[in-house]
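Asks: sequence and predicted model, in that order:
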Amino acid sequence: MGGRRIAVAAIAALGAALAAAPPAQATFHLISIREVYPGTAANRDSDYVELQMYASTQNFVGGHALTVYGSDGTSIGTFTFPSSVANGENQRTVLIGDSGVLGAFGVPPDLIETGLEIPPGGGAACWAGSIDCVSWGSFEASKLPAARPPADSAAGIPDGMALRRTIEPNCPTLLEAGDDSNNSAADLFDASPDPRNNSSPITETACTGPAATIDSHPANPTNQTSASFTYHATPSGGSFECKLDTAAFATCQESGIEYPGPLAEGTHTFQVRAKDVGENVGAPASYSWRVDTTAPTVTIDSHPADPSAGGSASFTYHSSEAGSSFECSLAVEASADSFSACPSSGRTYTELADGNYTFKARATDAAGNLGLVTAFEWEVDNSLADTTPPQTTILGRPPDPSESSTVSFTYESNEPGSSFECSLDGAPLAVCPAAGIAYAGLSNGGHTFVVRAIDASGNADPTPAGYSFDVRVPAPPVAIAPQPLVQPSPAPPLPDTRIVAKPRRRTRDRTPTVRFGSTVAAARFQCSVDRGRFRRCRSPFTARRLRPGRHRIRVRAVVGGAVDPTPARAVFTVVRGRHRGRRHHRRHGKRHRRARRRGARHRA
């Protein structure tokens, strides 16, 4: 079991003393057992014990010894250094070995002991009495309390393996106070043998010192001109160095440090760093704060008129230092001040009776400095109170009807500084912006908007302005599903019209007849005389009585929607003749006969 009998605080104090003393004063008390090797089954003469130092120059081991115990706690032998070893500047390890170490590893021991026997199945080794002991395997801990509990299993150290101390946590090549927990099972592990002595070239890994943490410090900001700090290091057991502002690092107590001051106004920075016993320095921890002993001043930005009515008296103010808190007081006539916390945004007093009043404000900055009082005096005269309500006018409004479901209104008061309350469709009046208001998502139908102004004295318009309107948002177009494309039927063939019988080019017949046909059997026909419209007709077609002169009869065939684009034509001329038709002679013959009979009777 690893177990130094020296308290950690004593080690730390001893380490600090060594750091301040000349190298010749280094001591064996800062040495522990690093590695135990029982040799192999084939070569028991290669066993060794390696000692690890906290720092260089700790080579004064003359007269001090290593004792090895068997598994039952009986001493196997004590092996004493007859004198201190050389090479102090390179002093990190000291090797005690049997005669076969040099041949097996090429490293000469600092102390060769042919009688060195290390039982692999169980035992213990103690440096310099009981400064440090490690145990392993089946060692009976009750025989040597400083060496329990043992490392490794009850079977002991495996053949060809060594028992090595874990060199952690900050420096993997330098023994530190945190590397020895007085528990062999926790501090040592099986490893391949790697013996080193004080003359061996050692490549040290860059070691970091302990990490410092500041536990307590002044407030930031503060009006205190002194400062105190406490701190700790991880791992513990080292020493500390502190500095303030531009001063150099200097040794400081583990319990903390105090700067009595007085510190000047402004920003200060404290740093602390920790060192282990191997003189490895950790990164400093830092804290900055500001000393402020200047009190803030308050400026009153706005206040009531003097005199003014007491219905409402408002004040705004600010501090010369951002982040200040405020206290306010209002006293009438000669009454005493009554300061209480007030908002940074301002303070308003209402329903004040007639009289002379004094308002006071003061600020406390973030550092705790309380400033002087700033005051304002004025007279309250309630006969000056404004009791006339404002008048409200709607300026902008939607059309009636509105084709949009979103409408907006603007309005004004005849008294500047008024606030407004609005209502839509009978809802309770609620505060609305002085710049106007908009409503969205209105349904189709009738709506009513109402607005009233409230002046600075709290008088509300008793006759709010109103506006009624309809919303008529057109229904969205109905989407028509696309219809399948229908291929058009082939167009029917155009019919051809033929006249098969027609009047002579010159004819006395004033009711001529034409006969016609078509290339399409199912065709219908349309006829036109001279400039007349085409009308439905059949073959034969007889024209109405025509006057003498040139005439034209046109005929065209129609099949379905197809019309003959080149109608057939019959062109002829009706001439006057000596013989008029039979009907003419019959009608006029009777007339002549009656006339002759009337003439005969007249002559008789």
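Replies: Looks like it arrived, so ask away.
Asks: just checking, what packs against the host helix or strand of Ala185?
Replies: Following DSSP states H and E, one finds Ala185 within helix 184-187. Counting contacts by 3 or more Cβ pairs under 8 Å, 6 or more residues apart in numbering; DSSP states H and E, helix 184-187 packs against strand 132-137. Placement of C-beta: from N, CA and C, glycine included.
Asks: the strand it packs on packs against which elements?
Replies: Partner elements for strand 132-137 (3+ Cβ pairs under 8 Å, 6+ apart): strand 31-37, strand 122-127, strand 162-165, helix 184-187.
Asks: how distant is the longest one from the center of its chain?
Replies: Strand 31-37 sits 55 Å away from the centroid of its parent chain (Cα atoms, centre = their mean, to the nearest Å).
Asks: name every strand pairing with it and say which way it goes.
Replies: strand 48-53 (antiparallel), strand 162-165 (antiparallel) (DSSP bridges).
Asks: contacts for the shortest one?
Replies: Yep, that's strand 162-165 we're talking about. 2, 32-37, 52, 134, 136, 151-152, 157, 175, 179-180, 187-194 (Cβ atoms under 8 Å, 6 or more residues apart in numbering).
Asks: okay, the nearest residue to Thr299 once chain neighbours are set aside and Ser329: tell me how far apart.
Replies: Excluding the flanking residues, the one nearest Thr299 by Cβ to Cβ, 6 or more residues apart in numbering is His318, at 5.8 Å. Computed as Cβ to Cβ, to the nearest Å, the His318 to Ser329 distance reads 17 Å.
Asks: could you do Pro195 as well?
Replies: Applying Cβ to Cβ, the value for Pro195 to Ser329 is 84 Å.
Asks: who has more neighbours, the two?
Replies: Shown here are Pro195 and Ser329; by other Cβ atoms under 10 Å, Pro195 has more neighbours (25 against 19).
Asks: which residues touch that one?
Replies: 35, 37, 48, 50, 95, 97, 101, 105, 107, 109.
Asks: export the strands paired with strand 31-37 to JSON lines and tack on mean neighbour count?
Replies: Putting those into JSON lines (neighbours: other Cβ atoms under 10 Å) gives the following:
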{"stretch": "strand 48-53", "mean neighbour count": "26"}
{"stretch": "strand 162-165", "mean neighbour count": "26"}
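Asks: give the buried residues for stretch 143-157.
Replies: For stretch 143-157, the neighbour count (16 or more other Cβ atoms under 10 Å) marks 143-144, 146-148, 150-152, 156-157 as buried.
Asks: kindly check the end-to-end length of it for me.
Replies: 20 Å (Cα to Cα, to the nearest Å).
Asks: test my guess that Pro150 contacts Asn183.
Replies: No: with contacts defined as Cβ atoms under 8 Å, Pro150 does not count as touching Asn183, sitting 9.9 Å away.
Asks: leaving out the residues flanking it, which one is nearest to Thr230?
Replies: The shortest distance from Thr230 to any residue other than its chain neighbours is 3.9 Å, reached at Gly256 (Cβ to Cβ, 6+ apart).
Asks: below-threshold pLDDT in the stretch 201-350 of the chain: ranges please.
Replies: 201-206, 278 (pLDDT under 70).
Asks: where along it do the strands fall?
Replies: For the stretch 201-350 of the chain, the strands defined by DSSP state E, counting those that start in this stretch cover 211-216, 227-234, 239-244, 250-252, 257-259, 266-275, 285-291, 298-302, 312-319, 325-332, 340-342, 347-350.
Asks: which parts of the stretch 51-200 of the chain are strands?
Replies: Per DSSP E, counting those that start in this stretch, the stretch 51-200 of the chain carries strands over the ranges 65-69, 75-80, 93-97, 111-112, 122-127, 132-137, 162-165, 188-191.
Asks: hmm, who's touching stretch 544-556?
Replies: Contacts for stretch 544-556 (Cβ under 8 Å, 6+ apart): 497, 499, 502, 510-512, 514, 516, 525-530, 534, 537, 541, 543, 563-564, 567-576.
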